[in-house]
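Chemist: Please find the sequence and the predicted model below.
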Amino acid sequence: MTQNCGGRLQPGELHRCYTAGKMSRMPESSAVQSPFRVGDWLVEPDLNRVSRGGTSVQLEIRMMQVLVYLAERAGVVVSRRELFDVVWATEFVSDNALTHAVTEIRKALGDSARNPTYIETVQRRGYRLIAAVKGLEPEDRGARQVACWLISGSSAFPLRAGENVIGRGMDADIRIESPKVSRHHARIVVDGGRAVLEDLGSTNGTSVNGARVESPRVLLHGDEIKIGHHVQAFRFACNSPDAETVASVARASSLGSD
């Protein structure tokens, strides 16, 4: 029997559609793959990642499923049985699996079981997400025009919607003439108000704020990007098309050159 993952889901369908990678909608909400906010954390189900400021934490897929399901029912007590039925529907796991998942989510969010800010344990009943949950505002999803840039010294390189390749190749969108940089070194994919940086298997790697990029990473305004061993770095700026803002980020970057 073919599982219908579109439209409104029936209880118990969430887990099967999500793990199959075909889920398009959650009950009474926007697409599960779309980012949303829990308190001051940005939750990105498609990347299994939560971010706040310059901090990003990777979650295992089951942990993300638990968080997404609780977020869909924010303020409501969700029983352990319901969570097991949804997240581990076809698997045989110990009762400790859910406890471990919630513990790891709390750790990622900097939460406390004793004095919770995000997930509350309701004795003998289950768990409740007590933080505010909201989808991204229309402007965050790119409903209005968004300007994103890479800034190097006094130069600003606009990023177009879609793929922007960085490298020393003649066909690179942002070309760096340095033997320390691969031909197709990295790319930034801009989709509305969201920009994701990915290393393209370069020889010398890519880093953001000093941390090596091992998987696709969402960029935040002000992030410092280093391309391989290239001495010069870039600052990422978004929603700042005006010259004054670009100039201020450029001044803050204090970048060198080869």
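Modeler: Right, received. Where do you want to start?

Chemist: Which pLDDT value belongs to the closest residue to residue 69 other than its chain neighbours?
Modeler: Once flanking residues are discounted, residue 69 sits nearest to residue 86: 5.6 Å by Cβ to Cβ, 6 or more residues apart in numbering. In short, each C-beta sits where N, CA and C put it, glycine included. pLDDT for residue 86: 86.

Chemist: Surely residue 86 touches residue 62?
Modeler: No - here residue 86 does not reach residue 62: they are 10.6 Å apart, not a contact under Cβ atoms under 8 Å.

Chemist: returning to that earlier point: list the buried residues in the host helix or strand of the residue nearest to residue 69.
Modeler: Per DSSP states H and E, residue 86 falls inside helix 80-87. Burial within helix 80-87, assessed by neighbour count using 16 or more other Cβ atoms under 10 Å, is assigned to 82-84, 86-87.

Chemist: Please apply the same query to stretch 195-206.
Modeler: Going by 16+ other Cβ under 10 Å, stretch 195-206 has these buried residues: 195-197, 199, 202, 204-206.

Chemist: biggest separation within the residues you listed, which pair?
Modeler: Distance extremes for the buried residues of stretch 195-206: the farthest pair is 195 and 204 at 21.8 Å, using Cβ to Cβ.

Chemist: hey, which helix is longest across this protein?
Modeler: Using DSSP state H to define each element, the chain has its longest helix at helix 96-109.

Chemist: can you give me the helices for this structure?
Modeler: 13-19, 61-72, 80-87, 96-109, 243-253.

Chemist: picking up where we left off before, could I get the buried residues of helix 80-87 as JSON lines with distance to residue 181?
Modeler: Formatted as JSON lines, the buried residues of helix 80-87 follow (distance: Cβ to Cβ, whole Å):
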{"residue": "82", "distance to residue 181": "51"}
{"residue": "83", "distance to residue 181": "47"}
{"residue": "84", "distance to residue 181": "49"}
{"residue": "86", "distance to residue 181": "46"}
{"residue": "87", "distance to residue 181": "43"}
